Each structure stands twice: as structure tokens, then as C-alpha cells.
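Novice: the sequence and its predicted three-dimensional model are supplied below.
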Amino acid sequence: QVQLVESGGGSVQAGGSLRLSCAASENTYGRYGLGWFRQAQGKEREFVAAISWGGASKYYADSVRGRFTISKNNAEDTAYLQMNSLKPEDTAVYYCAATNRLSSLRENEYDFWGQGTQVTVSS
């Protein structure tokens, strides 16, 4: 059972930056695709970004492309989501997830999930 723990959330003003981290409990990231999802209050969880096993392929939701960057360090079993130019509409609980697939944009194709970290962006 892979355990994922997110950190780095917090409160920031619009235009600011945050870096989320996702640490795995075991030697995971060289064998799993990683994704970040978010859920705003009263809304369904949505895809944010994904990265393939080796990190060569990255995918982003249109709403964050050009502002967010996904990356991972397989040697340290840690994934990151660098979030720049944050907007109030980015306010949500952010989740990292791991999939046995090479990569995926679909929530139901992820096998393991973290507990989430809150990101709040004020105007």
C-alpha cells in the first residue's frame, strides 16, 4: 500500500506562488505516474496536472497551463507542483495521486491518494 503525504499548502494573495510537495512511503515514483487534482468547496474534484513514470511527459489542465509546473524526483520519492501567478479561483484542496499506468488524466485511473492540502488564494 503506497501512502502519499502532501505538504506546502497555505494562504497567499493573488499573484503569489506556492510549492506543493507529495512524499511517498516507499520506492514509488520510478514505477508510477503521478497526478495532482483539486477540489474547490461545493465542486467536484478536477484534474490539474500529471507526469509520467520517467518524467518525460507532462500534462496540464487548460486553467493552469503556463502557471503551474509538475515535477518529481524519483531518487527522493517526492513530487512537486509549483504554482505561480495564483488566482482566487485556484482556491481548493489539492491532492496528489499515483497510478500504475504510465500516466493518466482520469481520476478513476489513480490507485493511491494523499489526504490533501488546502490552498487559499485571496484577492
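Specialist: On my side now, so go ahead.
Novice: thought Ala50 was touching Gly33?
Specialist: Yes. Here Ala50 reaches Gly33: they are 6.4 Å apart, a contact under CB atoms under 8 Å. (Each C-beta comes from the backbone N, C-alpha and C, glycine too.)
Novice: any residues in contact with both of the two?
Specialist: Counting by CB atoms under 8 Å, 6 or more residues apart in numbering, the common neighbours of Ala50 and Gly33 are 103-104.
Novice: which residues does the nearest residue to Asp77 once chain neighbours are set aside bridge with?
Specialist: Distances taken as CB to CB, 6 or more residues apart in numbering put Ala24 closest to Asp77, at 4.2 Å, once the chain neighbours are dropped. With DSSP bridges as the criterion, Ala24 is bridged to Leu4.
Novice: the protein: helices as residue ranges?
Specialist: Ranges of helices in the chain, per DSSP state H: none exist.
Novice: mind listing residues that contact stretch 34-42?
Specialist: Here stretch 34-42 makes contact (CB under 8 Å, 6+ apart) with 20, 22, 45-51, 70, 72, 79, 81, 89-99, 103-105, 107, 110, 116, 119.
Novice: buried among those residues? Need that as a selection in PyMOL.
Specialist: In PyMOL syntax, the buried subset of the contacts of stretch 34-42 is picked out as below (16 or more other CB atoms under 10 Å):
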select buried, resi 20+22+45+47+48+49+50+51+70+72+79+81+90+91+92+93+94+95+96+97+98+99+103+104+107+110+116+119
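Novice: now intersect the contacts of stretch 34-42 with the strands, please.
Specialist: 20, 22, 46-51, 70, 72, 79, 81, 92-99, 119 (DSSP state E).
Novice: what sits closest to the most centrally placed residue in the chain if chain neighbours are left out?
Specialist: Central residue of the chain (CA atoms, centre = their mean): Trp36, 2.5 Å from the mean position. Nearest in space to Trp36, with sequence neighbours left out and distances taken as CB to CB, 6+ apart, is Val48 at 4.4 Å.
Novice: sorry, back to before: my read is that the residue nearest to Asp77 contacts Ala97, right?
Specialist: No. The pair Ala24 / Ala97 is not scored as a contact, 11.0 Å apart, by CB under 8 Å.
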